[in-house]
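A.B. asks: any chance you could fold what I've pasted below:
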Amino acid sequence: MPIRIPSDLPAQNELHKENIFVMDTCRAATQDIRPMEVGILNLMPNKMETELQFLRLLSSSPLQVNIDLIRIDNQAPKNTPKAHMDNFYVQFDDIAHKQYDGLIVTGAPLAHLAYQDVKYWDKMQTIMDWARKNVQSTLFSCWAAHAAMFHYFGKYRALRDNKLSGIYQHFVQNEHDELMRGFDPAFYAPQSRYGEISLADYNSIDELNTLAISKEGGAYIVASKDKRLVFVTGHPEYDPDSLKQEYLRDLSAGGQPKIPVNYFTDNDPNKDPMVRWRAHGSLLFSNWLNYYVYQTTPYDLTQLSD
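C.D. replies: This is a model prediction of the structure:
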């Protein structure tokens, strides 16, 4: 939460220069407080694993957040019990009348399919159009980030010859953007994807800011200038063993995956992973909830507009 200081305190200007968020007494006096309403559209096959990862990140904020777990259709996912889906998830059609402060759209294992060949692509387009009018800020992860770039801006992703898999060093490009507050100039984050949209494509869109990049994977965090859209191409939500499980799964399927980069101790799959991304993952979601959602959303969500 922001610190509250007198409106005319000289320190305020210096704090702003240092990118430290402060709230003066005038603004604080006008704030009404209510819980944030956040939806998670979970597109991953293992719903329970993915929901836990994102809920963990959201829980690092001091804000009270009400969560809706959303499913895109009524088909039973093969890696999640039907009872779990029936008890804890809502169909998108059943919440389409609602407005949300924030929405997270997860990745999906659909890298080698054209968007039009995805069975629920029509519904995805409907949801993305709905989000522009009914959600203050939407965060798209991995495959969903590329799908949203195609839907909103017509930028189609290419496929890499080899999967980008590992823990890569990333570099902040705009330290004064609120989403980057508290970030080290260089930090680590997991990547696990075949798809890629060029950095030039992101930078060609005037309404977008590229906030963090890596040498190996290009854009990592990109956001619209109005804070309504956030594209995260990696997986800050990953558990310590997530990349290991993907690597072993690819091996057992008869593939020849490369060992995830900068991940296993001594690059040895028989040794433990080196975990060095979770603090910045938590910080990213805390910043999103606070600065892109809480500080910008209307108190009355019916006042949202596209």
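
A.B. asks: show residues contacting the biggest helix by length in the chain.
C.D. replies: In the chain, assigned by DSSP state H, the helix with the most residues is helix 121-134. Helix 121-134 is contacted by residues 41, 72-73, 92, 96, 98-100, 103, 105, 115, 118, 138, 147-148, 151-152, 228, 304-306 when judged by CB atoms under 8 Å, 6 or more residues apart in numbering. Any C-beta I mention is one placed from the backbone N, CA and C, and that applies to glycine too.

A.B. asks: filter those down to the buried ones.
C.D. replies: Buried members of the contacts of helix 121-134, counted by 16 or more other CB atoms under 10 Å: 41, 72, 92, 99-100, 103, 105, 115, 118, 138, 147-148, 151-152, 228, 304.

A.B. asks: from the residues you listed, which is closest to Leu251?
C.D. replies: Distance to Leu251 across the buried ones among the contacts of helix 121-134 (CB to CB) is lowest for Val118, with 26.3 Å.

A.B. asks: list the buried residues of the longest strand along the chain.
C.D. replies: Of all the segments of type strand in the chain, defined by DSSP state E, the longest one is strand 158-172. The neighbour-count check on strand 158-172 (16+ other CB under 10 Å) flags Lys163, Leu164, Ser165, Gly166, Ile167, Tyr168, His170, Val172 as buried.

A.B. asks: what do you get for stretch 261-276?
C.D. replies: Going by 16+ other CB under 10 Å, stretch 261-276 has these buried residues: Asn262, Tyr263, Phe264, Pro273.

A.B. asks: in helices only, show me those.
C.D. replies: Per DSSP H, these never map to helices.

A.B. asks: name the nearest of the residues you listed relative to Gln64.
C.D. replies: Pro273 (32.9 Å).

A.B. asks: mind pulling up the pLDDT for the closest one?
C.D. replies: Predicted confidence (pLDDT) for Pro273: 96.

A.B. asks: relative to Asp250, how far out is it?
C.D. replies: Distance of Pro273 to Asp250, given as CB to CB, to the nearest Å: 16 Å.

A.B. asks: Arg56: which of the buried residues of strand 158-172 is nearest?
C.D. replies: Taking these together and measuring to Arg56 by CB to CB, the closest member is Ile167, at 18.0 Å.

A.B. asks: OK, contacts around the closest residue to the closest one other than its chain neighbours?
C.D. replies: Of all residues not flanking Ile167 in the chain, Asn262 sits nearest, at 4.4 Å (CB to CB, 6 or more residues apart in numbering). By CB under 8 Å, 6+ apart, the contact set of Asn262 is Gly166, Ile167, Tyr168, Gln169, Tyr188, Met274.

A.B. asks: again, only using 10 Å
C.D. replies: Gly166, Ile167, Tyr168, Gln169, Tyr188, Pro190, Glu216, Pro273, Met274, Arg276 (CB atoms under 10 Å, 6 or more residues apart in numbering).

A.B. asks: same check on Tyr120?
C.D. replies: Leu43, Ile72, Asp73, Gln75, Phe92, Ala108, Leu110, Thr126, Ile127.

A.B. asks: and if you look at Asp241?
C.D. replies: Asp241 neighbours (CB under 10 Å, 6+ apart): Tyr247, Leu248, Asp272, Pro273, Val275.

A.B. asks: re the thing from before, give me the mean pLDDT for the longest helix of the chain.
C.D. replies: 96.

A.B. asks: can I get the helix or strand just after that helix in CSV, CA atoms only?
C.D. replies: Counting by DSSP states H and E, the element after helix 121-134 in chain order, helix or strand, is strand 135-141. Below are the C-alpha coordinates for strand 135-141, written out as CSV (Å, rounded to 0.1, in the frame of the first residue of the first chain):
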residue,chain,number,x,y,z
VAL,A,135,-12.4,-5.2,-17.1
GLN,A,136,-10.2,-2.4,-15.9
SER,A,137,-6.9,-4.3,-16.6
THR,A,138,-6.4,-7.7,-18.2
LEU,A,139,-3.1,-9.6,-17.8
PHE,A,140,-2.5,-12.2,-20.6
SER,A,141,0.1,-14.9,-20.0
